[in-house]
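Colleague: what follows is a predicted protein model with its sequence.
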Amino acid sequence: MEVFFVPVGDKYLLYAPLHRLSAVLNQSALRSLRDALRTNADSPPALSAIVQKLRDNALPMPGARRGALRDGLPPQPMFLGLIPTRGCNLGCPYCDFAAPKTRSAVMDVALARDAIDAYLRLLAEGGHTRGEVHFFGGEPFFAPRVVHFAVEYAAARAAAAGITLRFEATSNGLYSAARARWIASRFDTVVLSLDGPADIQERQRPSINGQAAAAAVIRSAEIFSESDVELVLRACVTHQSVQRMPEIAAWFAQKFRPSTVCFETLKQSPFSTASAFLPPDPYDFARYFDRAAQILAAYGIQTVFSGADLRGVRASFCPVGKDALIVSPDGAVAACYLLEKDWQQSGLDMHLGWLRAGHFALDAAAIERARGLAVENKPLCANCLCRLHCAGGCHVSHDTARAPGHFDEVCIQTRLITTAALLRQNGQHALADAWLADGAALHATAAQSSDRLIRGKR
Amino acid sequence: MTLTRQGAAVRSPAHLRWLQDAGQLLVVDEKARRAHVLRGHEAALWTWFTLGYSYDKALHLLAAALKCPPAQAEAALRELLHSWQTLGLLEEARDGESGD
């Protein structure tokens, strides 16, 4: 039974993600609830509605993607990912992406064409009328010819096949106004990396030649804001910028029109450390995230931390395991857009196969291996209330092979942000404010090693 | 949009506007009060030219899209440009002029 609780000061937050239920209880009520669920006995009248709901049918447990392959291929890939190049025109000092910035290979347009044809064939054979093409990098628009070709070609071929395609790109925004306008006219969603107002952006995301780049990126965000494209702003938060999250949120809300603002913490690497960029303290990040979220909510903007996205439940943090097919410039097809050497350092193999002679040639065992990277197979997460939202985080960078409850800083901020969001969803604003202001209370929440209400009942 | 091939330049007249629609491109002739619908590779090609691709670079992309050798793609491209000129979507550009 996926029913969890965490202490929040002298109260308890109850959370059952598969029942879409959360509530704030005192200790006595929590005990009564546990007894009622354990024994199937009658519950106190004040708790009967909760008990009844928890005994009712829940949402299905999200698990690893299953389903037979058709001719060795997944019948419904989550999306086709294209990596036009690993190169990038920004020189972010914290970037740990070890691909050469300007000498990285660029995808041949014929390869992009073959990937699109193979993907559309998969969709058509499965009787699907909708698909998605996502562009990753490096910076995908650093190879503009590939993207210009791929989008126009895919749109033409999909229209002829009666398939509606969505286009999405993860981008740094450093290009001309004309290019930004084309992106705005052709893409459905742009995830734009913008770390904050110009001083933060310049410090954290200068161009590759050290020149100022913020003005062009901000102009791109403005162009996207004036168009129909869905704009998701993604800000990397460091120990230096964490206290400015409320200011960043207000600036985003007032200057642009994002549907969503995503705050992510810096991932520490030798590059970031050498540049004196550190991750924020997880407790600070949770506190300032909560403040930023409230500011953005007043403008109708969703705030997301990728590990604490409460909009749905999931078994995998990212497209890995969901049969996404991500094609590299050399024609390799992988489940993950990160570099092969990064997976290998984590003991993982995300390689699925190759695009050869216009067809996907995939290894069925590799697809099953990627599907197996689900939260149900991550020991660390076994008893954590965030497990069906965070799903263990990034398969490559977050070690989840540890014993249950041995939480690290990623876990701490995820647990605190999830708890704060649930409290606010319950209208418990005063409790949330008091809890966030109390360091000991936060620590007690973060450090609880098992959140399961009924131990051993999973 | 202006493109040049072997010293001769053609351009889209100033009274043309174009916009992307679902699965097609609409080119609106404001003077003649007429709209032309471009689909498939024709729409793609129009977009590549509006993005500033030269004749040769657009030809390379068209050859990839049509999965044919450049010589064969060039025949298709010439035919398309001729049809656009006939429809009034392109006109000969005098020196230094651009319709954009």
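Modeller: Thanks, I have it.

Colleague: alpha carbons only for contacts and neighbour counts from here, please
Modeller: Fine.

Colleague: local confidence estimate at the residue in chain B positioned nearest to chain A?
Modeller: Here chain B gets closest to chain A at one residue, B:Gly40, 4.2 Å apart by Cα to the nearest Cα. pLDDT recorded at B:Gly40 is 94.

Colleague: do the same with A:Asp71
Modeller: 84.

Colleague: count of neighbours near it?
Modeller: A total of 10 residues lie near A:Asp71 under the criterion other Cα atoms under 10 Å in any protein chain shown.

Colleague: and if you look at A:Glu409?
Modeller: So A:Glu409, with other Cα under 10 Å, has 14 neighbours.

Colleague: kindly report the residues of chain B close to chain A.
Modeller: B:20, B:23-24, B:39-41, B:43-44, B:47-48, B:51, B:61, B:64-65 (Cα under 8 Å from any Cα of the partner chain).

Colleague: let's have those in JSON lines, adding secondary structure and neighbour count.
Modeller: Shown next, in JSON lines, are those (DSSP: H, G, I helix; E, B strand; the rest coil; neighbours: other Cα atoms under 10 Å in any protein chain shown):
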{"residue": "B:Gln20", "secondary structure": "strand", "neighbour count": "16"}
{"residue": "B:Gly23", "secondary structure": "coil", "neighbour count": "20"}
{"residue": "B:Gln24", "secondary structure": "strand", "neighbour count": "18"}
{"residue": "B:Arg39", "secondary structure": "coil", "neighbour count": "20"}
{"residue": "B:Gly40", "secondary structure": "helix", "neighbour count": "20"}
{"residue": "B:His41", "secondary structure": "helix", "neighbour count": "17"}
{"residue": "B:Ala43", "secondary structure": "helix", "neighbour count": "21"}
{"residue": "B:Ala44", "secondary structure": "helix", "neighbour count": "27"}
{"residue": "B:Thr47", "secondary structure": "helix", "neighbour count": "22"}
{"residue": "B:Trp48", "secondary structure": "helix", "neighbour count": "23"}
{"residue": "B:Leu51", "secondary structure": "coil", "neighbour count": "15"}
{"residue": "B:Leu61", "secondary structure": "helix", "neighbour count": "25"}
{"residue": "B:Ala64", "secondary structure": "helix", "neighbour count": "22"}
{"residue": "B:Ala65", "secondary structure": "helix", "neighbour count": "25"}
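
Colleague: among these, which pair sits farthest apart?
Modeller: Based on Cα to Cα, the longest span within the residues of chain B next to chain A runs between B:Gln20 and B:Ala64 and measures 22.1 Å.

Colleague: quick one on the thing from earlier: in space, what's closest to the residue of chain B closest to chain A - neighbours in sequence excluded?
Modeller: Excluding its sequence neighbours, the residue lying closest to B:Gly40 (Cα to Cα, 6 or more residues apart in numbering or on different chains) is A:Ala156, at 4.2 Å.

Colleague: can you give me the helices in the stretch 101-250 of chain A?
Modeller: Ranges of helices within the stretch 101-250 of chain A are A:109-125, A:144-161, A:177-186, A:198-204, A:214-225, A:245-255, based on DSSP state H, counting those that start in this stretch.

Colleague: turn those into a markdown table, including mean neighbour count and distance to A:Glu132.
Modeller: Listed next are the helices of the stretch 101-250 of chain A as a markdown table, based on neighbours: other Cα atoms under 10 Å in any protein chain shown; distance: least, Cα to Cα, whole Å:
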| stretch | mean neighbour count | distance to A:Glu132 |
| --- | --- | --- |
| helix A:109-125 | 21 | 10 |
| helix A:144-161 | 22 | 10 |
| helix A:177-186 | 18 | 13 |
| helix A:198-204 | 18 | 30 |
| helix A:214-225 | 21 | 20 |
| helix A:245-255 | 19 | 27 |
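
Colleague: related to what we said a few turns ago, pretty sure the residue nearest to B:Gly40 contacts B:Leu38?
Modeller: No. Using Cα atoms under 8 Å, A:Ala156 is not in contact with B:Leu38; the gap is 10.3 Å.

Colleague: name the residues contacting each of those two.
Modeller: Shared contacts of A:Ala156 and B:Leu38, defined by Cα atoms under 8 Å, 6 or more residues apart in numbering or on different chains, comprise B:Gln24.

Colleague: going toward the C-terminus from the lengthiest helix in chain B, what's the next helix or strand?
Modeller: Scanning chain B for the longest helix, with DSSP state H as the assignment, gives helix B:70-87. Scanning forward in sequence from helix B:70-87 by DSSP states H and E, the next helix or strand is strand B:91-92.

Colleague: so what's the residue in the stretch 101-250 of chain A that chain B sits nearest to up against?
Modeller: Of all residues in the stretch 101-250 of chain A, A:Ala156 sits closest to chain B, at 4.2 Å by Cα to the nearest Cα. Residues near A:Ala156 by Cα under 8 Å, 6+ apart: B:23-24, B:39-41, B:43-44.

Colleague: so which of those residues is the closest to A:Ile454?
Modeller: Nearest to A:Ile454 out of those is B:Gly23 (Cα to Cα; 53.8 Å).

Colleague: I'd say the closest one and A:Ala155 touch.
Modeller: Yes. Using Cα under 8 Å, B:Gly23 is in contact with A:Ala155, at 6.4 Å.

Colleague: hey, what's in contact with both of the two?
Modeller: With Cα under 8 Å, 6+ apart, B:Gly23 and A:Ala155 have common neighbours B:Gly40.

Colleague: low-confidence ranges in chain A?
Modeller: For chain A, the stretches flagged by pLDDT under 70 are A:98-99, A:456-458.

Colleague: what does it put close to chain B?
Modeller: By the rule Cα under 8 Å from any Cα, the part of chain A lying against chain B is A:109-110, A:113, A:148-149, A:152-153, A:155-157, A:159-160, A:178-179, A:185-186.

Colleague: residues contacting the residue nearest the centre of chain A?
Modeller: Chain A has A:Ser306 as the residue nearest its centroid, 3.9 Å off, counting by Cα atoms, centre = their mean. By Cα under 8 Å, 6+ apart, the residues touching A:Ser306 are A:262-264, A:390.

Colleague: show me how far the helix or strand hosting A:Ile295 is from its chain's centre.
Modeller: Assigned by DSSP H and E, A:Ile295 falls within helix A:282-297. Helix A:282-297 has its C-alpha centroid displaced from the chain centroid by 17 Å (Cα atoms, centre = their mean, to the nearest Å).

Colleague: okay, buried residues for that helix please.
Modeller: By neighbour count on 16 or more other Cα atoms under 10 Å in any protein chain shown, the buried set for helix A:282-297 is A:282-296.

Colleague: sketch out the low-pLDDT regions of chain B for me.
Modeller: In chain B, residues with pLDDT under 70: B:95-100.

Colleague: chain neighbours aside, what residue packs nearest to the residue of the stretch 301-450 of chain A found nearest chain B?
Modeller: Using Cα to the nearest Cα, the single residue of the stretch 301-450 of chain A nearest to chain B is A:Gly358, 11.3 Å away. Distances taken as Cα to Cα, 6+ apart place A:Asp114 nearest to A:Gly358, at 4.7 Å, with adjacent residues excluded.

Colleague: same deal with A:Phe224?
Modeller: A:Ala184 (5.5 Å).

Colleague: hang on, A:Leu422 packs against A:Ser22?
Modeller: Yes. Between A:Leu422 and A:Ser22 there is a contact under Cα under 8 Å: 7.0 Å.

Colleague: show me how far stretch A:221-238 is from its chain's centre.
Modeller: So, by Cα atoms, centre = their mean, the centroid of stretch A:221-238 is 16 Å from its chain's centroid.

Colleague: got it, and stretch B:39-49?
Modeller: The chain centre lies 7 Å from the centre of stretch B:39-49; the measure is Cα atoms, centre = their mean.

Colleague: output that stretch as PDB - backbone C-alpha positions only.
Modeller: Listed next in PDB are the C-alpha coordinates belonging to stretch B:39-49 (Å, rounded to 0.1, in the frame of the first residue of the first chain):
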ATOM      1  CA  ARG B  39       2.400  21.800 -48.900                       C
ATOM      2  CA  GLY B  40       5.000  19.100 -48.500                       C
ATOM      3  CA  HIS B  41       8.500  19.800 -50.000                       C
ATOM      4  CA  GLU B  42       7.200  22.900 -51.700                       C
ATOM      5  CA  ALA B  43       6.400  24.400 -48.300                       C
ATOM      6  CA  ALA B  44       9.700  23.200 -46.900                       C
ATOM      7  CA  LEU B  45      11.600  24.800 -49.700                       C
ATOM      8  CA  TRP B  46       9.800  28.100 -49.300                       C
ATOM      9  CA  THR B  47      10.700  28.100 -45.600                       C
ATOM     10  CA  TRP B  48      14.300  27.400 -46.300                       C
ATOM     11  CA  PHE B  49      14.500  30.300 -48.700                       C
END
